[in-house]
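Chemist: Sequence below, structure please.
(2 chains)
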Amino acid sequence: MSDLLSVEGLGIAFGGIKAVNDVSFRVRAGEIVSVIGPNGAGKTTLFNMISGVYLPGSGRVVLNGEDVTGMAPHLLARRGLSRTFQNLQIFQSMTVLENAVTGYHLQERGPVLADLLGLPSSRRRARTADAGARRLLARVGLDRAAEREAGNLSYGSLKRLEIARALALNPKVLLLDEPAAGCNAVETEEIDHLIAEVAAAGVAILLVEHDMKMVMRISNHIVVLDHGEKIAEGNPAAVSQNPAVIAAYLGAENADG
Amino acid sequence: MRLTPKAATLLVLALLVALTPFFFPSGYYYRVGALLFVNGIAVTGIVILTGYAGQISLGHAGFSGIGAYACALAPTHLGLHPALAIVLGAALSAVLAYLVGRPILRLKGYYLGVATLGFGILVSMVLNNERDLTNGPDGIDVPDLGLRALLETWGLDLTNGQFWYFFCGLSLILGAWLALNLYDSPTGRALRALHGSEVAARTVGVDVARLKLQAFVISAVYASVAGSLLALQNKFITPDVAGFMHSIEMVTMAVLGGVGSVLGAILGAGILTLLPQVLTVFAEYEQMVLGLVMVLVMIFLREGLLPSIFKAIRGKGE
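Modeler: Residues are numbered from 1 along each chain as shown, chains lettered A, B, ... in the order given. Have a look, this model is predicted:
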């Protein structure tokens, strides 16, 4: 299988402090790779560099064979990279359906003049996107909430809405930042299945998640960060036995003792 | 059958334009109505810029000034028909909006407000100081559109007030129709998305800078056409049309009625157009009233009058 996402020596510093330093790993098609580590380890910063929100200070991001380091997010979206956010980024005053529809922006966009005049071509583009968004909402179990204002939904529902929106782009690489945070056990399991299903369809998935049970269950490969550095990587069984990982999570003294 | 919000808005506007003349005590009110519709057109542009895209302009009157003076100057200096002068003014406004907006809208934050503030003042200064061309602060005559005479030869005999009332009313309905088309269109949805969360809009592929620029250019054309219609119906224009107070007035109207709703913003334009007619003291205290309205709306009715009313009705219904 080919590498869809390859991160090579990626690093960034904020005011002299290295938030992420020399991190490398790769994600192949159909693979689920998780990034774990204590709070402040640099996981979200890493995500932000890969998705073009932050400009990396060093290293490269290669997407499907193309060097995309520092490329603007909307151009990355066109190349098949899609993501969700740790702190939800929902369009609050739009309906659930409209939120999901924005994921189809690249497919439905057209000349602004046609949109102003409400030409049939413009309405056709919008209708096609609506239909796709409804199918996706059904897939994440939000079809009945389609017409509701997104701001009124529960946290767990919004998490699923973000995943639906990210899937609408039909991504090759999907970055999920804590998709199960704030979800109950049932919702977490549903998200589990959804992620596995997406991966099975050949999407490369990079996951940040605090729910260790979930990470151990669904990951093919785990990358462990601590203080911005990669301290370990491997399959779930190997990582959970790794002394450096145990030390980082439980504190150095426990590991020594 | 339930009306879509778009159809309902257009129906309300059509009824407003068609029926209110029956209640006019005198011909003078056609003039007030026409003025209301002109302001309605300008605030519809503000709805697209501020309500949809979340951007703020503090110099939109500058574009009204360009539209107005295009109608004053192009017919005499370029020999252009006044109707084409409207188009010329709109095109000029669009080009200027593009040039001002392109570098600014790549930046995050409220730089557009600052840049447009400067732009509006610049236009106002040029109109005041280029006396040879614009006749300065004294104002300048604007030629007749000629459409009323044309209608008369077809047997439709309207007074000047009536003609401008219906002409501006139809223009407003057209402007509202375009803005409502945009709202639910792919472009409109992307604009509202970037308003909600710029970072999320980017990650779904929205070219944020480009879309903001499109909204800014479109709203500039609305302001320009409003300026042209104002100049043509008054047959006279002064640089006040491009003044800072006029820019603030546009924003206040939209915010008062509801900047996210076309009908709401037009309601706001209606209130602030009629208020000076009812309260003659208003003219003296205009700045104070505008400031007060803005503060009160921000504290008590963040979404503006009409959306708050709808929300209250819906809340009771449930």
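
Chemist: Show me which positions of whichever helix or strand B:S171 is part of end up buried.
Modeler: Here B:S171 sits within helix B:160-184, counting by DSSP states H and E. Judged by neighbour count (16 or more other C-beta atoms under 10 Å in any protein chain shown), helix B:160-184 contains these buried residues: B:161-169, B:171-173, B:175-184. Heads up, the C-betas are built off the backbone N, CA and C, glycines and all.

Chemist: Could you restrict those residues to the ones contacting chain A?
Modeler: Under the cut-off given by C-beta under 8 Å from any C-beta of the partner chain, chain A has B:177-178, B:181-182, B:184 from the buried residues of helix B:160-184 close to it.

Chemist: what's the closest of the residues you listed to B:L230?
Modeler: Set against B:L230, the nearest of those by C-beta to C-beta is B:L178 (19.4 Å).

Chemist: who touches that closest one in this structure?
Modeler: Remark: with contacts taken as C-beta atoms under 8 Å, 6 or more residues apart in numbering or on different chains, B:L178 is in contact with A:116-117.

Chemist: do the one 3 residues further on as well
Modeler: Counting by C-beta under 8 Å, 6+ apart, B:N181 touches A:115-118, A:122, B:6.

Chemist: Which secondary structure elements does the next helix or strand after the helix holding B:S171 sit against?
Modeler: Proceeding N to C from helix B:160-184, the next assigned helix or strand is helix B:186-196, under DSSP H and E. Applying 3 or more C-beta pairs under 8 Å, 6 or more residues apart in numbering or on different chains; DSSP states H and E, one finds that helix B:186-196 contacts helix A:96-102, helix A:105-108, helix A:112-117, helix A:120-139, helix B:160-184, helix B:198-203, helix B:208-234.

Chemist: now the angle from helix B:186-196 to helix B:160-184?
Modeler: For helix B:186-196 against helix B:160-184, the angle by axes from the mean of the first three to the mean of the last three C-alpha atoms, to 10 degrees is 80 degrees.

Chemist: Check which residues of helix B:186-196 are buried.
Modeler: Buried residues in helix B:186-196, counting neighbours by 16+ other C-beta under 10 Å, are found at B:186-196.

Chemist: Out of the ones next to chain A among the buried residues of helix B:160-184, which comes closest to chain A?
Modeler: For these, the minimum distance to chain A (C-beta to the nearest C-beta) is 3.5 Å, reached by B:N181.

Chemist: Let's see the pLDDT reported for the closest one.
Modeler: What the model reports as pLDDT for B:N181 is 97.

Chemist: ok, now how distant is it from A:Q107?
Modeler: With the distance defined as C-beta to C-beta, to the nearest Å, B:N181 ends up 20 Å from A:Q107.

Chemist: before we move on, the earlier item: can you put the helices and strands packed on helix B:186-196 in TSV and add distance to B:Y69?
Modeler: Converted to TSV, these look like this (distance: least, C-beta to C-beta, whole Å):
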stretch	distance to B:Y69
helix A:96-102	40
helix A:105-108	39
helix A:112-117	26
helix A:120-139	34
helix B:160-184	19
helix B:198-203	36
helix B:208-234	7
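
Chemist: Compare the ones you listed and give me the one nearest A:D177.
Modeler: Shortest separation from A:D177 across the helices and strands packed on helix B:186-196 is recorded for helix B:198-203, at 11.0 Å, computed as C-beta to C-beta.

Chemist: Tell me which other helices or strands the closest one touches.
Modeler: Secondary-structure packing of helix B:198-203 (3+ C-beta pairs under 8 Å, 6+ apart): helix A:73-78, helix B:186-196, helix B:208-234.

Chemist: Need the contact partners of the first one.
Modeler: By C-beta under 8 Å, 6+ apart, the list of residues contacting helix A:73-78 from outside reads A:51-53, A:63, A:68, A:106, A:169, B:199, B:202-208.

Chemist: I'd like the helices and strands packed on helix B:198-203 as JSON lines, with mean pLDDT and distance to A:D22 appended.
Modeler: What follows is the helices and strands packed on helix B:198-203, written out as JSON lines (pLDDT from 0 to 100; distance: least, C-beta to C-beta, whole Å):
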{"stretch": "helix A:73-78", "mean pLDDT": "96", "distance to A:D22": "22"}
{"stretch": "helix B:186-196", "mean pLDDT": "96", "distance to A:D22": "34"}
{"stretch": "helix B:208-234", "mean pLDDT": "97", "distance to A:D22": "31"}
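
Chemist: Nearest to A:P38, out of these?
Modeler: When the helices and strands packed on helix B:198-203 are compared by C-beta to C-beta, helix A:73-78 sits nearest A:P38, at 27.1 Å.

Chemist: what about the closest one, distance to the chain center?
Modeler: 14 Å (C-alpha atoms, centre = their mean, to the nearest Å).

Chemist: helix or strand for B:V297, which one?
Modeler: When secondary structure is defined using DSSP H and E, the element that contains B:V297 is helix B:286-300.

Chemist: hmm, I was thinking of A:A164
Modeler: A:A164 is located in helix A:155-168, with elements delineated by DSSP H and E.

Chemist: State the number of residues packed around A:A196.
Modeler: Applying other C-beta atoms under 10 Å in any protein chain shown, we find 14 residues neighbouring A:A196.

Chemist: and it, how far is that from chain B?
Modeler: Distance of A:A196 to chain B, computed by C-beta to the nearest C-beta, to the nearest Å: 23 Å.

Chemist: and the worst-scoring helix or strand of chain B on mean pLDDT with helix B:286-300, angle?
Modeler: When the helices and strands of chain B are compared on mean pLDDT, DSSP states H and E, helix B:305-317 comes out lowest with a mean of 80. For helix B:305-317 against helix B:286-300, the angle by the same axes, to 10 degrees is 30 degrees.

Chemist: Contact partners for the nearest residue to B:K6 once chain neighbours are set aside?
Modeler: The shortest distance from B:K6 to any non-neighbouring residue, by C-beta to C-beta, 6 or more residues apart in numbering or on different chains, is to B:L180 (4.3 Å). When contacts are counted by C-beta under 8 Å, 6+ apart, B:L180 is found next to B:5-6, B:9-10, B:262.

Chemist: If anything else comes up later, I'll come back, but that's it for now.
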